[in-house]
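[1] Mind looking at a prediction? Sequence and model below.
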Amino acid sequence: MYSSFLKTAIRNVIRHKAFSFLNIAGLTFGLTACILIGLFVQDEMQFDKFIPEGSRIHRVYYQITTEEGTSQVATTPPMFATALQQEFPEVENTLRVLNNPNKELFEVGDTKLYEEGGILAEQNFFEIFPLQLTYGSAVAALEDPNSVVISQELARKYFGDKNPVGKKITISKSPFQVSGVFQNNPKFHLPITYIFPLVAAGIAEERMQSWDWYSFNNYVKLKQGADVEGLQAKFQRYTQPFLQGDETTTYLPLFQPLHDIHLYSADFRYDMAVRGNIIYVKALIVTALFILVIACFNFVNLATAKSLQRAKEVGVRKTIGANRSQLMVQFILETIFLTLISVVLATLFAWLFLPLLNQFTEKQIAFDLLADPMNVLLLLLLAVLVGVLAGFYPALVLSGFQPVKVLKGTFSGDSRPGKTPWLRHGLVVIQFSLSVLLIISAIVVRRQVTYLHSKELGFEKEQIMFFPMRGERMSSNVETFKNELLQSPFIEGVTVGYGFPGDMFGDGMMTVPGKGEQKKATQLMVDHDYIKTLGLELVAGRDFSREMKTDKDHGFIINETAVKELGLGTPEQALGETLLWPTWRNADSVKRGQVIGVVKDFHYKSLYERVEPAVLQIYPQAYWKVAVKIKAAGIEKALPYVKEVWEKFSPEYPLEYNFLDESFDKMYKAEDKLRSLLWIFSGVAIFVGCLGLFGLAAYAAERRTKEIGIRKVLGASSQNIVLLLSGDFVKLVLISILIASPVAWYFMQQWLQDFAYRINISWWIFVVAGLSAIAIALVTVSFHAIRAALRNPVRNLRTE
Amino acid sequence: MIKLNGIYKWYQSGINRNFVLKDINLNIEEGAFISLMGPSGSGKSTLLNIIGMLDEPSEGEYLFLDQSVFAMKERQRKELYKQYIGFVFQSYHLIDELTVYENIEAPLLYQGVKSSERRSMVADMLDRFSIVGKKDLFPNQLSGGQQQLVGIVRALIAKPKLILADEPTGNLNSAQGDEIMQLFQQLNREDGVTILQATHSEKNAAYGHRTIHLLDGQIQHQHVPL
Ligand SMILES: Nc1ncnc2c1ncn2[C@@H]1O[C@H](COP(=O)(O)OP(=O)(O)OP(=O)(O)O)[C@@H](O)[C@H]1O
Ligand SMILES: [Mg+2]
């Protein structure tokens, strides 16, 4: 029997070419999108899953709660690990990792390159995270303070295919010896290329006992069966006395499962992990489901619309003995046959498009069907599932036809004049609602992303070249170095310090002695030219001046937020107020100074974050980075000059730099990608929806051929006819817009909450989305409407 | 074989009942060949459909081999139908997507006949009606008469005891019609198949043992040919 079903199915596919094409095309597009999204999502979920006993490993982070809300910070004090190890019996092991945000200069023979992705890790790193070691021993590789473990890529780059263990590398002028080579796993959350032993940093013993040096990734591995919640609660109680904040700020250590790090840390600060974003993953899954639903509905719509064509067959089959369930099975099998074709085609397309997706998402997703029979099974399951979902209702309708009725020849399916095909209309409304939802989301995301890239940040990020200082000569001759650079007519300004927009920042506790106010503030360590060079705006007081000798040791410039949060009244009132700051070098020596100026708030971090209180001060001990403001159109001339000056001061290091605006743009890479993906997949959704609409319009036109003929004979113009035929569909799209708009508004409002600075969702977005949906629907539908309208009416009537 | 007692069929239109069949009482013995005549709209098809269990009467009793058809369960009725009844239509109603062979084979599929058996049964029929050469053609590649032949062969394949034919020659010319009628006669005589046919042609009606005349849903008089 099944072979007969299959035969009929094949012949039906061939006989109803247009129908089959629309269905297969729609499903193929939809499924291709779904498979690609599925692969992406699967890959995202796979992070750190390769680590044995990973479910027992947690990262300890902390949550800061202030009046403004809560935020998470990935890095915690070194004492966390010590305390966990010593005081809590459920802990099996702990691991501390220190990020090295700097690029280091690697020198092997003549090869001289900057490398990023370095960390410092305790000796048991490979015990907790057993990355595969090509060479060297997992136990001993991180023992010797002069050793370094490098990735396979680095090994190949510097040493070719030979075993590099024992070979020397000069790293930023210090000698190291390769002690091992590890194979990096693209699904590991730490993006590392080399690992120093933590002992190499030579951190003083008492510093390692700090409770407020928030710099470490603290990992903890629990014993089998240990209760995480319980341990977390105990640890929170234990750390309470060490983590006092101030009246308005509390610090709370929390345990994050290793497997959650990749997807659930999107808004963590100071997080070095390779991070995805669960919201975006969910958005993509929802989009995939939308597309699949739209494709399935197409099928239901087209199949019920053309049920008339199969009604006779149903009648005949019933009179020769078929019962309803046999017919249902036949129709569902036919649908599964179509979905199978689509799945095969979609698999092929997914395979073709995967390299593009990989390139775009910077992933290395492999799609090897043969390697994983699970995938084949999954795809078959998908075909069956979609086939049953899409085929069930039409099968139910078709198999329910009464032979007496359909064989009489007067049967008209559900297309009786005057009767609205509610189901079909309902499905079209759902399809277009989903499409409009996607269009609106795509527009909102696009506008927010554009906003992120173009918002006035309160400083001039263009034309600013940025690089770290290197070498003894440069650091000890900062003024000369700056002056040399300023000799070029293409260079407008030079400033050195630590705390440049988009870079890293330190912080410190500021105290207003009279009022007892205490607040943590970002410390921008600057020179006399910082404000000028970055173009910050002073709202009160003055800039640092070389003439005022006290500025250097007793001058503070603060931002507006700091004025507010320290309770200093207006910017004018804040001038002259005394502030205390425990210096970085020695927390016991307090710097006392006066507020000499107030700068307008500027966004030195990403727009995810609200501007925090910031303090600018002259602090030559932290002159680590250089920003060079280049005159408009002077980049080509200025670059070689900067290089020339660099060579004079630091010939042993190559110059490597970036531009401030580039590093700012990079902060929104995830949003950029979301934007593009949303546009692509909304496009797919709309296209698939339109395929269905196209088919429906064809059937509507066909069904009404006679009516159109009569109307034309009675004098209706072609325009009238087109309006008549398109009007129905436009009405449906209008309803969809009404349904989709509030839903889209709600979800986009939710998404925008993540941004401290965001656009408003204005009414015109809905108008634009609505108009484009109508336009797309009209273009789709009018093809058939126009064709029907232009047909010769007499011939229409005759062929009826 | 068939007993109809007080069969009524009406369609409700507003508060009126439009009667299509009125008080039909009929007895059809096994082996009979009966023609059903009457003007258009008199209810011939309706009666055939009720006898063929495709339609239900509004009132009345229908006994098929002494079992009350509308008292039994749907499933039982289907079984009875599959086992005993073959339908032949005026417009053939072959399945366009299936070849001649497959059309003939289709009823056997639904009866769960094994494939080897199916093959030999279909081959026999193709042989018997000399349409072996046409077996791989699709319905639209056949003439009307050939299509009706296939329709009849399909109705016969499951060896029914009763053939219900609704204007089987309505779309055929008279020569083709005669052939079909002769075929019916032969089936009736040689295989003992009971035949009930609706027709507009006196000539075709004359092939039967007797003719039942329907007028406005009522049986007029029974006429036994000489
Ligand atoms: N669904 C229905 N609703 C209302 N009336 C119906 C319906 N189906 C059939 N009828 C009526 O039943 C009557 C009998 O129809 P039937 O098809 O049995 O006639 P017939 O004798 O076979 O005619 P013909 O020779 O033209 O085939 C007709 O008057 C028809 O209008
Ligand atoms: Mg009739």
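    Here it is on my side, so go on. Ligands and ions are numbered 1, 2, ... in the order given.

[2] Find me the pLDDT at the closest residue to chain B within the stretch 601-750 of chain A, would you?
    Proximity of the stretch 601-750 of chain A to chain B (Cβ to the nearest Cβ) peaks at A:Glu702, 17.9 Å away. Glycine gets a C-beta too; all of them are placed from N, C-alpha and C. At A:Glu702, the predicted lDDT confidence score is 77.

[3] Which strands or helices does the host helix or strand of it pack on?
    Using DSSP states H and E, the element containing A:Glu702 is helix A:669-703. Helix A:669-703 sits against helix A:17-45, helix A:278-305, helix A:324-361, helix A:422-454, helix A:718-752, helix A:763-790, with contacts defined as 3 or more Cβ pairs under 8 Å, 6 or more residues apart in numbering or on different chains; DSSP states H and E.

[4] Show the average pLDDT along the last one.
    Put plainly, it is helix A:763-790. Helix A:763-790 comes out at a mean pLDDT of 86.

[5] next one: the fifth one
    Confidence over helix A:718-752, taken as the mean pLDDT, stands at 88.

[6] Next, the residue minimising distance to the centre of chain B: secondary structure please.
    With distances taken as Cα atoms, centre = their mean, the residue of chain B nearest its centroid is B:Leu164 (1.5 Å). Under DSSP: H, G, I helix; E, B strand; the rest coil, B:Leu164 falls in the strand class.

[7] wait, what's in contact with B:Ser174?
    Listed by Cβ atoms under 8 Å, 6 or more residues apart in numbering or on different chains, the contact partners of B:Ser174 are B:Lys203.

[8] Any figure for the gap between it and chain A?
    23 Å (Cβ to the nearest Cβ, to the nearest Å).

[9] give me phi/psi at that residue?
    phi -70, psi -30 (degrees, to the nearest 10).

[10] And the pLDDT at it?
    Confidence score, pLDDT, at B:Ser174: 85.

[11] Show me which residues of chain A sit near chain B.
    A:1, A:4, A:7-8, A:11-12, A:15, A:312-313, A:315-323, A:326, A:402-404, A:407-409 (Cβ under 8 Å from any Cβ of the partner chain).

[12] Write the ChimeraX selection for whichever of the residues you listed are buried.
    Per 16 or more other Cβ atoms under 10 Å in any protein chain shown, the buried members of the residues of chain A next to chain B correspond to this ChimeraX selection:
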select /A:8,11,12,312,313,315,316,317,318,319,320,321,322,323,326,402,403,404,407
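
[13] sorry, back to before: now the helix holding A:Glu702: how far from the chain's centre is it?
    23 Å (Cα atoms, centre = their mean, to the nearest Å).

[14] Can you verify my assumption that A:Glu492 contacts A:Ala633?
    No - contact criterion Cβ atoms under 8 Å: A:Glu492 and A:Ala633 do not qualify, at 12.0 Å.

[15] who has more neighbours, the two?
    A:Glu492 (18 against 10; other Cβ atoms under 10 Å in any protein chain shown).

[16] same for the helix or strand encompassing the more buried one, what does it pack against?
    Secondary structure assignment for A:Glu492, by DSSP H and E: strand A:491-497. In terms of contacts (3+ Cβ pairs under 8 Å, 6+ apart), strand A:491-497 is packed against helix A:478-486, strand A:517-526, helix A:530-534, strand A:625-630, helix A:635-649.
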